[in-house]
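A.B. asks: quick one, structure for this:
(one chain, ligands or ions: 1)
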Amino acid sequence: MTQPILETRHLRYRYEHSESWALDDVCFRAPKGKITGLIGPNGAGKSTLFLNLNGVLTPTEGEVLLDGEKVSYTRAGLREMRRRVGIVFQDPDDQLFSADVYRDISFGAVNLGLPQDEVRRRVEDAMQRTGVYELRQRPTHALSYGQKKRVAIAGVLVMQPDVIVLDEPTAGLDPKGVSDIMKLLCDMRDQMGITIIAATHDIDIVPLYCDYAYLLKEGRLLMDGTPDEIFARPDILRENNLRLPRIAHLMEILSDRDGIPVDRSAATIGRARRELLRLLEEK
Ligand SMILES: Nc1ncnc2c1ncn2[C@@H]1O[C@H](COP(=O)(O)OP(=O)(O)OP(=O)(O)O)[C@@H](O)[C@H]1O
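C.D. replies: The predicted structure is shown next:
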């Protein structure tokens with residue numbers, strides 16, 4: 001793995017009045033400039049981990065490191081952490097509260113005390129990148145769900161973060177909305193070098209867009225690796241109520257129903273392509 005920009009070491013978190021650990025001994029490393037997926041069933045601890053990753057929650061035990069430095073939970077340390085690690089909640093209505101799109105996106109930059117010109121420059125850049133420029137005067141309540149998601153991402157981009165953490169970025173979107181939002185995240189990685197961490201129940205996102213992934217269950221990390229490594233263990237995914245990606249289902253159908261001798265565990269585009277090319281060459 002390349003150098004992690006954000007890391008937890010033996011992180012444990014227990015909510016007040018709770019007897020069990022929401023996170024237990026979690027060693028999570030987000031490689032710099034990559035997209036890391038976090039998959040896991042309901043209640044696995046994904047949201048709790050995210051809130052620890054940007055300082056909204058303070059670890060009960062263990063530590064969080066940003067760029068190799070232990071996070072300081074002083075006022076200044078937390079302000080710096082929240083500027084560098086942006087969070088996008090699952091429901092954009094939890095994030096948008098200003099009267100119109102422009103004001104909502106500018107909120108964080110205004111709060112940083114930046115000069116007006118710089119605020120305007122950052123907001124315009126964020127609106128262009130997220131494709132919401134045309135909506136800038138609209139009231140936020142008059143936007144579609146997908147548009148609200150983009151505005152929420154733009155509001156984080158104006159902070160010029162190093163890392164953006166997104167809870168279920170594709171939930172509630174139609175298929176085009178899903179590919180548009182994932183393309184936006186890939187562009188932010190490729191053009192701006194932003195590290196992306198995304199929690200998702202949408203397993204198809206992992207082989208298509210993620211560079212690395214973690215599987216979390218009942219507060220513990222069960223497995224991590226590249227998509228190829230993760231999907232080489234379909235038994236573990238099935239045990240945890242996660243289905244295989246569609247690519248793997250296709251390979252299973254070709255193998256089991258049609259009797260074509262492909263490796264039925266090929267779950268990523270790269271492996272499926274290699275399998276199909278191998279077959280063509282053998283013909
Ligand atoms: N405010 C809270 N107080 C007490 N327990 C909580 C609180 N929030 C979450 N929990 C518990 O912590 C554990 C992890 O929850 P969390 O919301 O982090 O999981 P998740 O993976 O994000 O779930 P989902 O996929 O359903 O959003 C669960 O057992 C949950 O009941």
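
A.B. asks: quick check: mean pLDDT across the strand or helix carrying residue 281?
C.D. replies: Residue 281 is part of helix 269-282 when elements are defined by DSSP states H and E. Per-residue pLDDT values over helix 269-282 give a mean of 85.

A.B. asks: likewise for stretch 48-58?
C.D. replies: 95.

A.B. asks: can you pull the buried residues of that stretch?
C.D. replies: 48-55, 57 (16 or more other CB atoms under 10 Å). Where you see a C-beta, it was placed from the backbone N, CA and C, and this is true even at glycine.

A.B. asks: in a markdown table, list those residues along with distance to the ligand.
C.D. replies: Shown next, in a markdown table, are those (distance: CB to the nearest ligand atom, whole Å):
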| residue | distance to the ligand |
| --- | --- |
| 48 | 3 |
| 49 | 7 |
| 50 | 8 |
| 51 | 8 |
| 52 | 10 |
| 53 | 12 |
| 54 | 14 |
| 55 | 16 |
| 57 | 9 |
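
A.B. asks: quick check: beta-bridge partners of the spatially most central residue of the chain?
C.D. replies: For the chain, the residue whose C-alpha lies nearest the mean C-alpha position (CA atoms, centre = their mean) is residue 198; its distance is 1.2 Å. Here residue 198 shows beta-bridge partners residue 37, residue 166, assigned using DSSP bridges.

A.B. asks: reformat the buried residues of stretch 48-58 as a markdown table; add secondary structure.
C.D. replies: Below are these laid out as a markdown table (DSSP: H, G, I helix; E, B strand; the rest coil):
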| residue | secondary structure |
| --- | --- |
| 48 | helix |
| 49 | helix |
| 50 | helix |
| 51 | helix |
| 52 | helix |
| 53 | helix |
| 54 | coil |
| 55 | coil |
| 57 | coil |
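
A.B. asks: re earlier: in the helix holding residue 281, what's buried?
C.D. replies: Of the residues in helix 269-282, those buried (16+ other CB under 10 Å) are 271-272, 275.

A.B. asks: follow-up on the earlier one: between the buried residues of stretch 48-58, which is nearest residue 34?
C.D. replies: residue 53 (15.0 Å; CB to CB).

A.B. asks: relative to the ligand, how far out is the nearest residue to that closest one once chain neighbours are set aside?
C.D. replies: Residue nearest to residue 53 in three dimensions, not counting chain neighbours: residue 165, with 5.6 Å by CB to CB, 6 or more residues apart in numbering. Distance, residue 165 to the ligand, by CB to the nearest ligand atom, to the nearest Å: 12 Å.

A.B. asks: do residue 195 as well
C.D. replies: From residue 195 to the ligand the distance is 20 Å (CB to the nearest ligand atom).

A.B. asks: ok, that residue - contacts?
C.D. replies: 5-6, 30-34, 36, 162-164, 189 (CB atoms under 8 Å, 6 or more residues apart in numbering).

A.B. asks: out of those, which is nearest to residue 89?
C.D. replies: Nearest member of these to residue 89, counting by CB to CB, is residue 164, at 11.9 Å.

A.B. asks: now that closest one. Nearest residue, chain neighbours left out?
C.D. replies: residue 86 (4.7 Å).

A.B. asks: and that neighbour, its phi and psi?
C.D. replies: Here is the backbone geometry of residue 86 (degrees, to the nearest 10): phi -90, psi 150.

A.B. asks: ok, it - contacts?
C.D. replies: Neighbours of residue 86 in contact, by CB under 8 Å, 6+ apart: 54, 156-157, 159, 161, 163-165.

A.B. asks: output stretch 145-154 in CSV with nothing but the alpha carbons.
C.D. replies: Only the C-alpha atoms of stretch 145-154 are listed here, as CSV (Å, rounded to 0.1, in the frame of the first residue of the first chain):
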residue,chain,number,x,y,z
TYR,A,145,-31.7,14.4,-4.4
GLY,A,146,-28.8,13.9,-6.8
GLN,A,147,-28.3,17.7,-7.2
LYS,A,148,-28.3,18.1,-3.4
LYS,A,149,-25.6,15.4,-3.1
ARG,A,150,-23.5,17.4,-5.6
VAL,A,151,-24.0,20.6,-3.6
ALA,A,152,-23.0,18.9,-0.4
ILE,A,153,-19.8,17.7,-2.1
ALA,A,154,-19.1,21.2,-3.4
